[in-house]
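Visitor: Below is the sequence, then the predicted model.
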Amino acid sequence: MPALIALNRRVRRHALACALAGCAVLVVSGCSSPPKSPQVTSRVAPVRIITAPPEVLALANTFEDQFVARDYAGQWNELAPQAQALWPSSAARVAMLTRKFAHAAVASVSVGGPSLVSTWTAPENPSLHVANVWSFPVAVDFADAAALRPAGVGALFSMTSVQIVVDPLSGLAETLGEGPESLDAPVILPAVVPRVSLDVPILMYHLVDQVPPRSIEPSTYGWELEVGLTTLPAAFDAQMAYLMSIHATSISLQHLADALLYGLPLPPHPFVITFDDGRLSPWTNAVPILRQDGFTAVFFPCTGLIGGKVGPQTYMTAAELHNLARTGFSVEDHTVNDDTDFFSAGPHTLDVLTNRTKDVLEHVIGAPVQFIAYTGLWPWPTSSEGATQEASMFATLASYGYVGGLQDLRIDADAVVSTTLWQLPRLRVGLTTGLGFFERWFGVQPS
């Protein structure tokens with residue numbers, strides 16, 4: 001893992017303070033001594049204003065000017081080594097961004113005032129951190145935002161930010177977080193969706209914990225369902241160790257879309273990890289392992305369960321979800337309570353179960369939400385079935401700003417394929433899932 005980069009400077013924060021002998025009186029203008037006590041004086045420490053170095057300010061504006069001019073090749077040498085390592089190559093980055101913004105002309109980008117953040121985490125590698133980074137908010141103005149699909153995607157780019165760091169050895173400013181140009185920036189649908197064949201297993205987890213006690217559910221069926229959705233922490237550790245041993249790479253759903261829609265080459269043995277419901281046990285037992293191994297994951301919380309407790313099950317808080325979205329993971333939508341199938345539902349039901357939940361999540365995590373995990377089993381045995389029946393649901397979800405949906409299938413088989421982002425198949429992982437399951441799907445023996 002690359003060493004941390006630290007700014008070649010230290011910033012002290014001085015608090016306004018009073019040193020008083022005896023009692024003190026606080027007034028609007030600051031601290032002062034009590035009346036008729038001339039022997040007591042107030043002392044105010046100097047305040048240092050944090051200002052980004054000129055080279056940092058210049059690079060942030062230059063980098064986004066190049067984005068507007070579509071000079072993606074010119075940006076490459078301005079990327080920090082950690083940022084370059086996220087891409088297959090400079091040529092692959094240029095080709096992908098050229099395709100992505102071919103029908104999405106950017107009129108201008110406004111770079112806001114910087115803030116100094118203590119740590120930057122790579123968007124798809126929670127083990128890679130860089131210290132003392134300048135973060136710039138951006139406002140992206142598209143030439144014809146209303147024409148972009150899905151609906152409202154143009155506004156999502158203003159939820160991204162550009163991060164700049166100063167190399168302590170060379171003194172040069174370098175770009176870490178690429179904002180609108182990053183791998184995990186919002187997905188824009190191209191005018192024509194290409195036909196691409198990729199082999200990317202999407203793993204579906206729920207609980208990562210010990211076997212739940214029989215008393216948690218009033219019915220045997222409910223308890224057996226919870227048991228089936230449980231992965232023991234030791235088993236999860238072994239599964240991640242296997243994926244490490246074959247040099248597999250976890251990717252986000254946005255990264256998968258980059259490959260499917262814009263032709264970005266994927267790393268060897270790519271896969272996606274997902275966790276449904278927003279339960280606390282993955283935060284407690286899975287996230288530390290993922291951070292150690294450098295694997296990203298997608299979390300699908302239910303907005304009605306955030307910070308809640310249902311029976312013995314505790315759910316992640318808003319602060320924990322916000323932390324995930326800022327430290328190498330992503331958060332997407334799983335409706336309100338995961339208790340209502342909305343296949344073939346009308347716009348009113350979908351608005352309550354999806355559109356409003358997306359808005360809630362974006363407010364909680366401060367990042368775009370474009371994917372949804374459907375609640376309940378997919379009504380058909382295979383992933384590719386049901387497109388005609390669910391066409392109206394897909395259209396409504398697209399009008400809300402979603403680009404894709406993930407299924408929970410009845411079977412796991414090699415024949416499970418998808419021909420659309422709305423029918424992304426997943427593989428259930430639970431108590432009975434052994435390493436043979438992983439070896440079959442990845443086709444590689446551990447080294």
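Guide: It's in.

Visitor: Got phi/psi on residue 116?
Guide: Dihedral angles of residue 116 (phi, psi; degrees, to the nearest 10) stand at phi -90, psi 120.

Visitor: Now for it, how many residues are close by?
Guide: 15 (other Cβ atoms under 10 Å). In this view, the C-beta of every residue, glycine as well, is placed from N, C-alpha and C.

Visitor: go on, the one 3 residues further on?
Guide: Around residue 119 there are 12 other residues, counting by other Cβ under 10 Å.

Visitor: same deal with residue 435?
Guide: Counted by other Cβ under 10 Å, the residues lying close to residue 435 total 13.

Visitor: What residues does the nearest residue to it once chain neighbours are set aside make contact with?
Guide: Distances taken as Cβ to Cβ, 6 or more residues apart in numbering place residue 242 nearest to residue 435, at 5.6 Å, with adjacent residues excluded. Residue 242 sits next to 435, 438, 439, 446 when contact means Cβ atoms under 8 Å, 6 or more residues apart in numbering.

Visitor: Can I get those in TSV including distance to residue 418 and secondary structure?
Guide: Formatted as TSV, those follow (distance: Cβ to Cβ, whole Å; DSSP: H, G, I helix; E, B strand; the rest coil):
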residue	distance to residue 418	secondary structure
435	25	helix
438	20	helix
439	23	helix
446	28	coil
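
Visitor: Spatially, which two of these are the most separated?
Guide: Pairwise distances across these peak at 9.2 Å for 438 and 446 (criterion: Cβ to Cβ).

Visitor: Compare these two and say which is more crowded by neighbours.
Guide: Per other Cβ under 10 Å, whichever of residue 438 and residue 446 has more neighbours is residue 438, with 24 against 13.

Visitor: so what's that one up against?
Guide: Contacts of residue 438 were listed using Cβ under 8 Å, 6+ apart, and they are 239, 242, 243.

Visitor: what about 10 Å?
Guide: The neighbours of residue 438, taking Cβ atoms under 10 Å, 6 or more residues apart in numbering as the test, are 201, 203, 238-240, 242-243, 246, 248, 271, 427, 429, 444, 446.

Visitor: Return every residue with contacts to both of residue 438 and residue 446.
Guide: Residues touching both residue 438 and residue 446 (Cβ under 10 Å, 6+ apart) are 242, 243, 246.

Visitor: so which helix or strand takes in the first one?
Guide: Put plainly, it is residue 242. Following DSSP states H and E, one finds residue 242 within helix 233-245.

Visitor: Can you give the distance of that helix from its chain's centre?
Guide: Remark: helix 233-245 is offset 22 Å from the chain centroid, using Cα atoms, centre = their mean, to the nearest Å.

Visitor: same deal with stretch 76-87?
Guide: On the basis of Cα atoms, centre = their mean, stretch 76-87 sits 19 Å off its chain's mean C-alpha point.

Visitor: Stretch 389-402 too?
Guide: Chain-centre distance of stretch 389-402: 22 Å, with Cα atoms, centre = their mean.

Visitor: before we move on, what about stretch 437-447?
Guide: Mean-position distance between stretch 437-447 and its chain equals 27 Å (Cα atoms, centre = their mean).

Visitor: In CSV, list the C-alpha atoms belonging to that stretch.
Guide: The C-alpha trace of stretch 437-447 is given here as CSV (Å, rounded to 0.1, in the frame of the first residue of the first chain):
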residue,chain,number,x,y,z
PHE,A,437,-19.1,-22.1,-4.5
PHE,A,438,-16.5,-19.3,-4.9
GLU,A,439,-14.1,-21.6,-6.8
ARG,A,440,-16.9,-22.5,-9.2
TRP,A,441,-17.9,-19.0,-9.9
PHE,A,442,-14.4,-17.5,-10.2
GLY,A,443,-13.0,-20.6,-11.9
VAL,A,444,-9.6,-20.2,-10.1
GLN,A,445,-8.0,-22.3,-7.5
PRO,A,446,-6.3,-20.4,-4.7
SER,A,447,-2.6,-19.9,-5.1
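
Visitor: mean confidence score for that stretch?
Guide: Summarised as a single mean, pLDDT over stretch 437-447 is 83.

Visitor: If you count neighbours, what's buried in that stretch?
Guide: Residues of stretch 437-447 classed as buried by neighbour count (16 or more other Cβ atoms under 10 Å): 437, 438, 442, 444.

Visitor: ok, these vs residue 154, which is closest?
Guide: Comparing the buried residues of stretch 437-447 against residue 154 with Cβ to Cβ places residue 442 closest, at 37.6 Å.

Visitor: and residue 133, bridged to which residues?
Guide: Note on residue 133: beta-bridge partners residue 117, judged by DSSP bridges.

Visitor: need the contact list for it.
Guide: Residue 133 sits next to 5-7, 56, 80, 114-121, 163-166, 176-177 when contact means Cβ under 10 Å, 6+ apart.

Visitor: What's the per-residue pLDDT of it here?
Guide: Listed pLDDT for residue 133 reads 96.

Visitor: re the thing from before, out of the contacts of residue 133, name the ones that lie in helices.
Guide: Residues of the contacts of residue 133 located in helices (DSSP state H): residue 56.
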